[in-house]
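[1] turn this into a model:
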Amino acid sequence: EMLERVLPKGVWERQYSIDGPEKVDAVIKYRDVLIPIDAKFPREIYERYLNAEDKEEKKQNWKLYENGLKIQINSIKTKYIKPHKGTLDFAFMFIPSESIYYETIAEKNFLGQPCSIYEYARNNKVVPVSPNTFYAYLQIIMMGIRNLDIQKGTKKLQESLIKMERNFKNFYVKYEEIGSAILKAQDAYKKGDTHIRRFKGNIEST
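    As a prediction, the model looks like this:
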C-alpha cells in the first residue's frame, strides 16, 4: 500500500525474481537498477519475548529473536543483494511496527542488554525500516525519480532547441539570399526607372 501510494506505476513490482526461483517481496526499479525490499521478520519469537512474564525467559526469547533476525538478514543479503544481477549493494528489510523497529535498532533493548542487530544489518548492507522510516526513504527515492524525469525533459528540450536553431540558420541563409535578390532587383528597378523617365521625356518632346 505504501509503495502504491508514494511511487508511480511501473517504478516498483511485487514478488520479483532477481536470480533463480527465490522472489523478493518487492523491488523498486530506479535508474536501471533494482532496490530489493523484503519483510522477513520472526514475529512469533518476538511475541514470545514480549509476552514472557519471567525475566530470564524474556532474555532467552530476546536472544532467539536477535539470532532469528540475523538469520533473516543473512537470507536477504544472500538471496537478493546481487549487483551483478542489477541490484544496488543494499536492500531494505521492512519491520511492520514502529515500537518493534526502535527496539530492534536501539543500542540496548528494554531489558537493558546490548543490542547488536542494527550494526549487524549495516555490516551486511541490509537497511531495517519501519513504516515511518520506509515512507521517508520512498519520498527520497521519489525525488530522485522526479529529478531524473526533469533531466530527461531537459535533454529533450535541449535537443529541440538545437534542432530549432539549426532550422533557423538554414532559414536565415535563404532569407539573406532573398534579401540580396530583392536589393539587386530594387537597384535594377531604379536604373530602369531612370531610363524609362528619360525615354518618356524624349517621346513627349518628339
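
[2] and the residue nearest the centre of the chain, what element?
    Geometric centre of the chain, nearest residue: Ile145, 3.1 Å, by CA atoms, centre = their mean. Assigned by DSSP states H and E, Ile145 belongs to helix 131-205.

[3] and for Glu13?
    Using DSSP H and E, Glu13 sits within strand 12-17.

[4] and for Asp54, the neighbour number?
    9 (other CB atoms under 10 Å). Every residue, glycine included, has its C-beta placed from N, CA and C.

[5] next: the one 5 residues further on.
    Lys59: 15 surrounding residues under other CB under 10 Å.

[6] buried sites along the helix or strand that it is a member of?
    For Lys59, the host element (DSSP H and E) is helix 55-80. Buried residues in helix 55-80, counted by 16 or more other CB atoms under 10 Å: 58, 61-62, 64-66, 68-70, 72-73, 76-77, 79-80.

[7] now for it, which elements pack on it?
    strand 33-38, helix 43-51, strand 91-94, helix 117-123, strand 126-129 (3 or more CB pairs under 8 Å, 6 or more residues apart in numbering; DSSP states H and E).

[8] point out the most buried one among those.
    Mean neighbours per residue, mean count of other CB atoms under 10 Å, is largest over those for strand 91-94, with a mean of 24.

[9] which residues sit against that one?
    Contacts with strand 91-94, where a contact means CB atoms under 8 Å, 6 or more residues apart in numbering, come from 24-25, 35-41, 72-73, 76-77, 80-81, 121, 125-129, 134, 137.

[10] returning to what we had before: quick check: the gap between the residue nearest to the centre of the chain and Pro8.
    Shown here: Ile145 relative to Pro8, a distance of 8 Å by CB to CB, to the nearest Å.

[11] same question for Pro42.
    From Pro42 to Pro8 the distance is 33 Å (CB to CB).

[12] likewise Glu53?
    Taking CB to CB, one finds Glu53 at 48 Å from Pro8.

[13] likewise for Tyr135?
    For Tyr135 relative to Pro8 (CB to CB), the value is 16 Å.

[14] ranking helices and strands of the chain by mean pLDDT, which lands last?
    Ranked by mean pLDDT, DSSP states H and E, the weakest helix or strand in the chain is helix 131-205, scoring a mean of 69.

[15] quick check: Leu69 touching Thr104?
    Yes. Counting by CB atoms under 8 Å, Leu69 does reach Thr104; the two are 6.9 Å apart.

[16] tell me the residues that contact both of these two, please.
    Joint contacts of Leu69 and Thr104 (CB under 8 Å, 6+ apart) are Ile117.

[17] remind me, longest strand of this structure?
    strand 23-30 (DSSP state E).

[18] who are the packing partners of that one?
    Under the contact criterion of 3+ CB pairs under 8 Å, 6+ apart, strand 23-30 touches strand 12-17, strand 33-38, helix 131-205.

[19] count of neighbours near the closest residue in space to Tyr101 that isn't next to it in sequence?
    Nearest residue to Tyr101, sequence neighbours excluded (CB to CB, 6 or more residues apart in numbering): Ser130, at 3.5 Å. The local packing of Ser130 (other CB under 10 Å) involves 19 other residues.
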